[in-house]
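Enquirer: Please work out how this folds:
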Amino acid sequence: MTSRVPLPLMLVALLAGAAAFVAGVMRHPFEAWSVYLVNLMFWSGLSAGGIVFAALLELTGATWAMDVRPIAARFAWFLPVALALFLVLLRGVRVIFPWVAHPPAAHPIWFSVGSFALRDSAALVVLFVSAVWFTERSRARAGRAGGRVTITAVSLVIVYAIAVSLWTIDLIMSLQPGWASTLFPAYIFTGNLYGAIAALSVAAAAGPRLSAGQVALDESAARDLAKLLLGFALFWLYLYWSQYLTIWYGNLPREFEFLVSRMRGTWWPAAWSVFGLCFVIPFVALLARSARRPLPVTIVALGCLAGLWLEQLVLIAGGHHLDVAALWIGAGVTVAFAALFMLTLAAASARDEESRSTMAGGRT
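Expert: Coordinates of the predicted model:
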């Protein structure tokens, strides 16, 4: 993914985005911390979703994904970066989380900054350890024909579901204390997988060429990833509708206020854009076999990523009036996070190349 983006350009983007964020915190703190949280949830979600997708490929014995699976596994190396970025977020919790100033009387320990920091940091650490365990076991058995790492893959999927659910409850649902939904965490961790498949499509198309001179996203892989994107677009819609229908049918003000504030007023164009980018465009485009080729799949995948990022913005900042400064702050912070993600992938790719060279030297 990073081979066609010069390293100096990524570093400049990172520094420029960091400067935009610092300037935003000083002049527009709510907007700055809100878009920071949006990007933290989005990019950490892609990271976790990528390694879990690799685990699912392992569990299903997906031989078609031999070229793209290593790329998905590299996404996990953004998780330590996400932990550091989460610790930075702790400086802004009083700005964006209402429960810090007014903790609910029913759960004073749960709604405390110390408890919040401890459990969410622990969730990230356990998730990363599980990811490394799976990756190392997978690499160790690579030279043994017929070997499987089922236990580590299953463990990783379970840890992922628990960790992302906890993050969803603490970092999104707690923005409106009192709102509860047992479906919402599943909606988010499914969306992470959807986004990871889209990001994998883009990374495979833009990444370095393989030893045979072909990119990882060849015609065959593009067809398979297109089918996955189409399937996840339908599943995303199913969960989207299930969440909406349950709240609408219950007709409880305490529940529907969360959705109404994010789907009406000034936020309705963004909410419907999410629907279009995450479902309508992928569904219409990828139904045609002629679109299941590398370039169309890459374009659709980019649209899905834009829609999922916008969804995080609607969920986190929806219902609030944002200053126009949120545009340049959001652009800067998003570019910085994207540069960090690509730098992490580049470092992981270099590590894999060095490991392969060492193993090849050992065999000779």
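Enquirer: From now on I want contacts and neighbour counts done on CA atoms only, so please keep to that.
Expert: Will do.
Enquirer: Give the ranges of residues in the stretch 1-150 of the chain that sit below the confidence cut-off.
Expert: Within the stretch 1-150 of the chain, the stretches with pLDDT under 70 are 1-5, 142-148.
Enquirer: Would you map the helices across it?
Expert: Applying DSSP state H, counting those that start in this stretch to the stretch 1-150 of the chain gives helices spanning 7-27, 29-60, 69-74, 79-89, 93-96, 113-140, 150-171.
Enquirer: Would you mind giving these as a markdown table with mean neighbour count and distance to residue 346 added?
Expert: Formatted as a markdown table, these follow (neighbours: other Cα atoms under 10 Å; distance: least, Cα to Cα, whole Å):
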| stretch | mean neighbour count | distance to residue 346 |
| --- | --- | --- |
| helix 7-27 | 17 | 9 |
| helix 29-60 | 24 | 14 |
| helix 69-74 | 24 | 9 |
| helix 79-89 | 17 | 14 |
| helix 93-96 | 17 | 31 |
| helix 113-140 | 18 | 17 |
| helix 150-171 | 20 | 23 |
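Enquirer: Might you report the residue contacts of residue 121?
Expert: Counting by Cα atoms under 8 Å, 6 or more residues apart in numbering, residue 121 makes contact with 83, 86.
Enquirer: An error on my part: the question was meant for residue 243.
Expert: Residue 243 touches 183, 184, counting by Cα under 8 Å, 6+ apart.
Enquirer: What pLDDT is listed against it?
Expert: Looking at residue 243, its pLDDT reads 83.
Enquirer: same check, this time on residue 358
Expert: pLDDT, residue 358: 60.
Enquirer: next one: residue 334
Expert: At residue 334, the model reports a pLDDT of 96.
Enquirer: same question, the one 3 residues further on
Expert: pLDDT, residue 337: 97.
Enquirer: Tell me, how many residues neighbour it?
Expert: By the measure other Cα atoms under 10 Å, the count of residues near residue 337 is 23.
Enquirer: go on, residue 246?
Expert: The number of residues near residue 246, taken as other Cα under 10 Å, comes to 14.
Enquirer: So which bits of the helix or strand encompassing it are buried?
Expert: Using DSSP states H and E, residue 246 falls within helix 219-250. Buried residues in helix 219-250, counted by 16 or more other Cα atoms under 10 Å: 221-237, 239-240, 243, 247.
Enquirer: who wins for proximity to residue 342 among the helices of the stretch 1-150 of the chain?
Expert: Nearest of the helices of the stretch 1-150 of the chain to residue 342, taken as Cα to Cα: helix 7-27 at 7.9 Å.
Enquirer: Which of the helices of the stretch 1-150 of the chain sits closest to residue 256?
Expert: Between these, helix 150-171 lies closest to residue 256; by Cα to Cα that is 16.9 Å.
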